[in-house]
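>>> Give me coordinates for this.
(chains A and B)
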Amino acid sequence: MSAFKERKGLIIFGAILIVVLIAALAAYQITGSIGIEDRYNTAVGLPVSPEEGGGTFLGFSVEGNHVLYLIVLGVLVIGCFAAYRYFRI
Amino acid sequence: MAHIHLEDGSFTLFWVLVWWIISLCLIGIALFLLRSKYKPDPKKITIAAFVTAAAFAIFQIQVPIAGGVHMNLTPLIGILTGPVIGTLIVFIVNIFSAAIGHGGWGLVGANVLVNFSEVLVAWLAFKGMKKITTDLFSQAGVATFAGLFAGNLVMIAVILASGIQGVHQTTAQILAGLSLLAAINMGVAIVEAFLTGFIVAYIGKIRPDILEGDRK
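Sure, this is the predicted structure:
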């Protein structure tokens, strides 16, 4: 019974995954490979502006100002450290 | 994930204010509940800090799938912290995102609502899945799909209600365009579902008490 209950979750997960995958692939066939800003602009009918060329690493890139990203992330990491010291987990 | 990725000026000032006021009301309710009814367990504050940092870090990264997409870990926020603390976390992440130039300030209110719906539905689905299965991976995975699907619906509803300044498309055309976008977003949800599923299953293995707090 327990093994079935465990498998039932995976069956539901797998079924959702298949439906989502088919829908996403169909949508991708229609829209093609475009950046996130362009995809939004196209969806609502705004003019598509040329993407800003930023530094990428293996295709991954950081949105917004990179220096500010590192500063904010640093502040959040310090916050995590402080919270861990005071409250633990 | 569903984040309204439009520039400032896409919505009229009226709708910018409407979404900001509604999201500020949600923040107010969350703060009120935290001060009165749901005093958080101290360890939950540390978890909230960690998921805030992780969500901010991952949210700014454009992943090279289908031309460029984002993940935002909102379902994980919902599962680990619940909707009350989760509301504050998505507000902080959206504020910091706008501060570094990712997304417009005028859209923060609308995006908080979208992300709040993801947090809330993922939390509810995670609780609901417990009755169906004992497998933590699939509980979290299904909760992630449910949360992100809800986020996409709210994203579409917010854009359709607000309208876009300067475009001449009909509502049906915008709905069709946004439906395609939502389907692509759900494709990314597959990656996020696996990620969230593995993280939650791992936490359940080494520290099950962290997951039990909200599930009694």
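>>> neighbours around residue B:16, how many?
Applying other CB atoms under 10 Å in any protein chain shown, we find 21 residues neighbouring residue B:16. C-beta here means a position set from N, CA and C on the backbone, and glycine is covered the same way.
>>> wait, residue A:67
Residue A:67 - counted by other CB under 10 Å - has 9 other residues nearby.
>>> name the element it belongs to?
With elements taken from DSSP states H and E, the one containing residue A:67 is helix A:66-87.
>>> Briefly note if that helix comes near chain B.
Yes - residues of helix A:66-87 contacting chain B under CB under 8 Å from any CB of the partner chain: A:68-69, A:72-73, A:76-77, A:79-80, A:82-84, A:86-87.
>>> residue boundaries of the helices in chain A?
For chain A, applying DSSP state H gives helices covering A:2-31, A:36-44, A:66-87.
>>> Please identify the deepest-packed of those helices.
helix A:36-44 (a mean of 22; mean count of other CB atoms under 10 Å in any protein chain shown).
>>> returning to what we had before: got a markdown table for the residues of helix A:66-87 next to chain B, with pLDDT too?
Formatted as a markdown table, the residues of helix A:66-87 next to chain B follow (pLDDT from 0 to 100):
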| residue | pLDDT |
| --- | --- |
| A:68 | 95 |
| A:69 | 95 |
| A:72 | 95 |
| A:73 | 96 |
| A:76 | 96 |
| A:77 | 96 |
| A:79 | 95 |
| A:80 | 95 |
| A:82 | 94 |
| A:83 | 93 |
| A:84 | 93 |
| A:86 | 90 |
| A:87 | 88 |
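>>> Out of the residues you listed, the closest to residue B:90 would be?
Proximity of the residues of helix A:66-87 next to chain B to residue B:90 (CB to CB) peaks at residue A:76, which lies at 14.2 Å.
>>> Surely that closest one and residue B:55 touch.
No - the criterion here is CB atoms under 8 Å, and residue A:76 misses it with residue B:55 at 9.5 Å.
>>> Find the residue closest to residue 38 in space, skipping its chain neighbours.
Because you didn't say which chain, this covers chain A. Using CB to CB, 6 or more residues apart in numbering or on different chains and skipping the chain neighbours, the partner closest in space to residue A:38 is residue A:48 (4.9 Å).
>>> wrong one, I was asking about chain B
Nearest to residue B:38 is residue B:84, by CB to CB, 6+ apart, at 5.3 Å.
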